[in-house]
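Student: One predicted model, sequence on top.
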Amino acid sequence: MTDLTSLTLAEARKGLADKTFTSLELTDAHLSAIEKARLLNAFVMETPDQARAMAREADGKIAKGDAGPLAGIPLGIKDLFATKGVRTTACSKILGNFVPTYESTVTSQLWRDGAVMLGKLNNDEFAMGSANETSCFGPVGNPWRREGSNTTLVPGGSSGGSASAVAALLCMGATATDTGGSIRQPAAFTATVGIKPTYGRCSRWGIVAFASSLDQAGPIARSVRDSAMLLRSMAGHDPKDTTSVDIAVPDYEAAIGKSVKGMKIGIPKEYRLDGMPAEIEKLWSEGAAWLKAAGAELVEVSLPHTKYALPAYYIVAPAEASSNLARYDGVRYGLRGQGKTITELYENTRAEGFGAEVRRRVMIGTYVLSAGYYDAYYLRAQKVRTLIKRDFEDCFERGVDAILTPATPSAAFGIGEKGGADPVEMYLNDVFTVTVNMAGLPGIAVPSGKDSQGLPLGLQLIGRPFEEETLFSLGEVIEQAAGRFTPARWW
Amino acid sequence: MSVDAATVRRIAHLARIAVSEDEVPHLQGELNAMLAFVEQLSEVNVEGVEPMTSVAPMQMKKRQDVVDDGGIADDIVANAPAAEGHFFLVPKVVE
């Protein structure tokens, strides 16, 4: 039998349906791969007993012929999703040994459809980071290394554990979340596919909150088709999240292989940055050429407020975070610091529990919301956000179906290489992805090639609200042209 | 705009994060780096622009005014660092 971990989700589904192998066999293959890959630090909690129990249940349902769309498929879950009875930490010391008594809506829908949980995946603390270096469990290794080099690189972030585990064949797919690029940037760094759906497409209920007007859940997978299968189960209306949208979830997989003939693809000139590596320029033109060859029409478009998206994000996101993270007070759950008074208890709990990056963002958020500064910072940033969204609307009104951009301004870098002296250096990683969150649009990152050092690079497609299907159709064209990429095992 | 040491201490207190004296200069530097970065927003003309309140044009949904949850006090205190019965324990607040 071929190695079960190297199958795509779609192939595994067929193998399970044909009874070529059982979910228990498939699950055991992944559990053993996880055990051998602890060097990557992708999982912060392995749940083998639960995984085998869920696999046996799936096998029973498959045998009876009432299997759900993801029956028996082993997945990894970002540690930002509350999982009932399984420790959930957001990779922050402040949540300590928090064991939820409830399940997030997104994961409960995956289990409803028969998926199997292998364990919880590493991420940046409270999803604040672009390299998975701020996790209280330590950094994650990228399965990709530069050719001829032994340097361990970051997998991107914040969904670094998700991307690393999927790329290293430790799980068939993973849940992830994206506030400024946290699905798409790690996907690009690891040659995996990641889609952030339209704001409101997936319920945020039971996901540890970072910036509520920007956070969205989505999958990371090894092919465009696999990501479509996962999103179908993850998406859907949830009365428990008032921002979740009551629109029927389409069969995203049906969009795979659909003709893209006549689609209008915008190429935004503002994404051509000074000092961008020539390889990324080249990849971008190649991607455009592939779409053109498939019958799409390319048009140059302008998104004039692009350069203001990142600074506006670094007001809006920390402001919302400072408010969301006020709940960590050492009283109701998680870590508790010492204090003779209640204020001392709060202050010591939060000083001990939050890492440097989280502390920094909570403080800047507190500042921009404080009396006398609200108008100058927060209100202005929200106005700029309106302008960013308007740029996209103008573009879509002129008939553009989707926008093609690079996913990241560089390939993966080494652990500890960026942001040490100036936090802004790390923030620039999200320059191409953050606009999409600011406007609430769907965006997909698809592996598209490698740089001269053999590291993966990705392209991003941005769609109209709730037109994820267009992204899947176009993404498939890129995947067919570029092929799929698997790292050589060193761990 | 930039923050001075006194402002850093004030923000830390507002955010309820204990900050020691020797951390202040470092934090001040980091916060000022972020403020310098966002400074470029001041060049955008936002005259007459409505601030965004919701990315998707949608009506705020309202929940039905019914009791649909409750009776889960055990769950609520299950993760409390210090609890007695169904109460959270905190240092003495009222003398």
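Tutor: Here it is on my side, so go on.
Student: burial of A:Tyr374, as a residue count?
Tutor: 13 (other CB atoms under 10 Å in any protein chain shown). The way it works is simple: take the backbone N, C-alpha and C, and place the C-beta from them, glycine included.
Student: Which secondary structure state does the nearest residue to it once chain neighbours are set aside sit in?
Tutor: Leaving out its chain neighbours, the residue that sits closest to A:Tyr374 by CB to CB, 6 or more residues apart in numbering or on different chains is A:Val368, at 7.2 Å. Following DSSP: H, G, I helix; E, B strand; the rest coil, A:Val368 is assigned to helix.
Student: Surely A:Gln460 forms part of a strand?
Tutor: Yes - assessed with three-state DSSP, A:Gln460 lies in a strand.
Student: Tell me which other helices or strands the helix or strand containing A:Leu471 touches.
Tutor: Following DSSP states H and E, one finds A:Leu471 within helix A:468-482. Contact here means 3 or more CB pairs under 8 Å, 6 or more residues apart in numbering or on different chains; DSSP states H and E; on that basis helix A:468-482 packs against strand A:193-196, helix A:224-234, helix A:278-293, strand A:402-406, strand A:443-450, strand A:456-463.
Student: The residue of chain B found nearest chain A: neighbouring residues, count only.
Tutor: Chain A sits closest to B:Val55 of chain B, with a gap of 2.9 Å, by CB to the nearest CB. When neighbours are counted by other CB under 10 Å, B:Val55 registers 21.
Student: ok, it - contacts?
Tutor: A:199-200, A:213, A:389, A:439-440 (CB atoms under 8 Å, 6 or more residues apart in numbering or on different chains).
Student: one step back: out of the helices and strands packed on helix A:468-482, which is closest to B:Leu14?
Tutor: B:Leu14 sits nearest to strand A:193-196 of all these, at 32.0 Å, using CB to CB.
Student: returning to that earlier point: out of the helices and strands packed on helix A:468-482, indicate the one that is most buried.
Tutor: Across the helices and strands packed on helix A:468-482, the average number of neighbours (mean count of other CB atoms under 10 Å in any protein chain shown) peaks for strand A:193-196, which reaches a mean of 34.
Student: rewinding a little: list the contacts for the residue nearest to A:Tyr374?
Tutor: By CB under 8 Å, 6+ apart, the contact list for A:Val368 reads A:315, A:318-319, A:374, A:377-378, A:381.
Student: Export the helices and strands packed on helix A:468-482 to TSV and append columns for distance to chain B and mean pLDDT.
Tutor: Below are the helices and strands packed on helix A:468-482 laid out as TSV (distance: least, CB to the nearest CB, whole Å; pLDDT from 0 to 100):
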stretch	distance to chain B	mean pLDDT
strand A:193-196	12	98
helix A:224-234	18	98
helix A:278-293	23	96
strand A:402-406	17	98
strand A:443-450	13	98
strand A:456-463	14	98
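Student: Need the three-state assignment for whatever residue of the stretch 101-250 of chain A ends up closest to chain B.
Tutor: Here the stretch 101-250 of chain A gets closest to chain B at one residue, A:Thr101, 4.0 Å apart by CB to the nearest CB. Secondary structure state of A:Thr101, per three-state DSSP, is coil.
Student: which stretches of the chain have low pLDDT?
Tutor: Because you didn't say which chain, this covers chain A. Applying pLDDT under 70 to chain A picks out residues A:1-2.
Student: ok, and the closest non-adjacent residue to the residue nearest the centre of it?
Tutor: The residue lying closest to the centre of chain A (CA atoms, centre = their mean) is A:Ile183, at 2.0 Å. Of all residues not flanking A:Ile183 in the chain, A:Gly194 sits nearest, at 4.1 Å (CB to CB, 6+ apart).
Student: circling back to that earlier point, pretty sure the residue nearest to the centre of chain A is touching A:Lys196, no?
Tutor: Yes - counting by CB atoms under 8 Å, A:Ile183 touches A:Lys196, with 4.9 Å between them.
Student: what residues are shared contacts of these two?
Tutor: A:Gly218.
Student: residue boundaries of the helices in chain B?
Tutor: Secondary structure of chain B (DSSP state H): helices at B:5-14, B:24-38, B:73-77.
Student: Including mean neighbour count and distance to chain A, could the ones you listed go into CSV?
Tutor: CSV is the format used below for these (neighbours: other CB atoms under 10 Å in any protein chain shown; distance: least, CB to the nearest CB, whole Å):
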stretch, mean neighbour count, distance to chain A
helix B:5-14, 17, 5
helix B:24-38, 17, 4
helix B:73-77, 13, 4
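Student: With distance to B:Glu47 and mean pLDDT added, can I get the ones you listed in CSV?
Tutor: Shown next, in CSV, are the helices of chain B (distance: least, CB to CB, whole Å; pLDDT from 0 to 100):
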stretch, distance to B:Glu47, mean pLDDT
helix B:5-14, 29, 97
helix B:24-38, 19, 95
helix B:73-77, 48, 96
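Student: Out of the ones you listed, flag the one nearest A:Cys91.
Tutor: Here helix B:24-38 is closest among those (CB to CB), at 20.9 Å.
Student: Taking their axis directions, the closest one and helix B:5-14 sit at what angle?
Tutor: Angle of helix B:24-38 versus helix B:5-14, following axes from the mean of the first three to the mean of the last three CA atoms, to 10 degrees, is 90 degrees.
Student: Give the phi and psi angles for the residue most central in space within chain B, as a check.
Tutor: Per CA atoms, centre = their mean, the C-alpha nearest to the average position across chain B is that of B:Ala15, at 6.8 Å. Main-chain torsions, B:Ala15, degrees, to the nearest 10: phi -80, psi 0.
Student: Next, A:Ser203: secondary structure please.
Tutor: Judged by three-state DSSP, the three-state class of A:Ser203 is coil.
Student: Which residue ranges of chain A form strands?
Tutor: Here chain A has its strands, by DSSP state E, at A:43-46, A:74-78, A:116-121, A:173-178, A:193-196, A:216-221, A:264-268, A:297-301, A:402-406, A:443-450, A:456-463.
Student: what distance separates the last one from the middle of the whole chain?
Tutor: In terms of CA atoms, centre = their mean, to the nearest Å, the centre of strand A:456-463 is set 13 Å apart from its chain centre.
Student: what's across from residue 83 in the sheet?
Tutor: The chain I'm using is chain A. A:Val86 (DSSP bridges).
Student: wait, chain B
Tutor: Beta-bridge partners for B:Ala83, by DSSP bridges, are B:Phe88.
Student: what about the helices in the stretch 301-450 of chain A?
Tutor: Using DSSP state H, counting those that start in this stretch, the helices of the stretch 301-450 of chain A run over A:309-324, A:342-353, A:356-369, A:380-397, A:423-427, A:434-439.
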